[in-house]
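> all I have is the shape, not the residue letters:
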Ligand code: ADP
């Protein structure tokens, strides 16, 4: 990767600044406020609780009801509060990704409610949301196999880059690959892509994303250890 600077001054492989606060909502079992560049996100987790109506129950595991929403003031043009196809699709795939981390099999016939609200958006909101939701699940004390660490990588203006902002995403040759990994296992649990890239570039983008996810994971662990000091180390 080259060290060329991008429109916002970042190097090609540099993440935007990320800051994390846990336990921000006393009415939720677990919560997280996350700032990722100009994205701001709040995630809450409640449950497990008995599921209604009963026909939605799964006898083998808890159902994760993941809701991704953008506040109407999160973008410069008012966003309709009615969830559209995009919100529903993001909710569905993100719920599946989070399910890989939570030991849902311990809570049959229940539901775990995950709500993520994007307060301000500058591209990469689904990965910021999932990163925050995973921390809110840990904050809620749910038994977990690991954390979901999510990040986008791709291409803009001929360069392979990590963590696209809106300006990067609007480049004419933009490729935007949203990824999420179960960490520390490095298991890919979400992959979505906009734009066109050949197989070789896709592999390079995925490699870049994994390196970014490793950085995100370190920040997640740091936030958890700060709130829940412990003798042992999280892997
Ligand atoms: P992500 O935020 O995960 O990158 P997209 O690629 O769909 O998801 O969106 C990129 C960015 O485009 C968003 O972060 C937001 O800044 C903007 N955007 C998305 N949906 C809307 C919308 N309905 N109205 C205005 N801007 C939007």
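Arrived safely, thanks for sending. Just so it is clear, the structure is predicted and the values come from calculations on it, not from any experiment.
> all strands for the chain, in order.
Along the chain, the segments classed as strands by DSSP state E run 18-22, 30-36, 39-50, 63-70, 110-120, 147-156, 159-162, 175-183, 187-194.
> the third one and the ligand, are they touching?
No: residues of strand 39-50 are not located near the ligand by Cβ under 6 Å from any ligand atom, the shortest gap being 6.9 Å. C-beta here means a position set from N, CA and C on the backbone, and glycine is covered the same way.
> average pLDDT across that strand?
Strand 39-50 shows a mean pLDDT of 98.
> which elements pack onto it?
strand 30-36, strand 110-120, helix 125-139 (3 or more Cβ pairs under 8 Å, 6 or more residues apart in numbering; DSSP states H and E).
> so which of those is nearest the ligand?
helix 125-139 (3.3 Å; Cβ to the nearest ligand atom).
> contacts only, for the residue most central in space within the chain.
Nearest to the geometric centre of the chain sits residue 130, at 2.2 Å (Cα atoms, centre = their mean). Residues in contact with residue 130 (Cβ atoms under 8 Å, 6 or more residues apart in numbering) are 94, 97, 98, 116, 148, 150, 180, 190.
> identify the bridge partners of residue 110.
Here residue 110 sits in beta bridges with residue 50, going by DSSP bridges.
> show me what contacts it?
So residue 110 contacts 47, 48, 49, 50, 51, 57, 62, 63 (Cβ under 8 Å, 6+ apart).
> same check, this time on residue 133
Counting by Cβ under 8 Å, 6+ apart, the residues that residue 133 touches are 32, 43, 45, 66, 94, 98, 114, 116, 148.
> give me the number of neighbouring residues for the fourth one.
Look at residue 66: counted by other Cβ atoms under 10 Å, it has 25 neighbours.
> now pLDDT, distance to residue 83 and neighbour count too, for the contacts of residue 130, in TSV please.
Below are the contacts of residue 130 laid out as TSV (pLDDT from 0 to 100; distance: Cβ to Cβ, whole Å; neighbours: other Cβ atoms under 10 Å):
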residue	pLDDT	distance to residue 83	neighbour count
94	98	13	28
97	98	18	26
98	98	18	29
116	98	12	28
148	98	22	32
150	98	20	30
180	98	21	31
190	98	19	21
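> buried deepest among the helices and strands packed on strand 39-50, which one?
helix 125-139 (a mean of 29; mean count of other Cβ atoms under 10 Å).
> close to the ligand: what parts of this protein are there?
75, 77, 79, 86, 121-126, 166, 169, 176, 178.
> switch those residues over to TSV; also include pLDDT.
What follows is these, written out as TSV (pLDDT from 0 to 100):
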residue	pLDDT
75	97
77	95
79	93
86	97
121	98
122	98
123	98
124	98
125	98
126	98
166	97
169	95
176	98
178	98
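> low-scoring stretches of the chain, by residue?
1-4, 231-235 (pLDDT under 70).
> wait, residue 59 sits on residue 109?
Yes: the criterion here is Cβ atoms under 8 Å, and residue 59 meets it with residue 109 at 6.2 Å.
> comparing these two, which residue is more hemmed in?
Taking other Cβ under 10 Å, residue 59 and residue 109 do not tie; residue 109 has more neighbours (16 against 6).
> which residues touch residue 150?
97, 126-128, 130-131, 134, 178-181, 190, 213, 216 are the contacts of residue 150 under Cβ under 8 Å, 6+ apart.
> perfect, that will be all.
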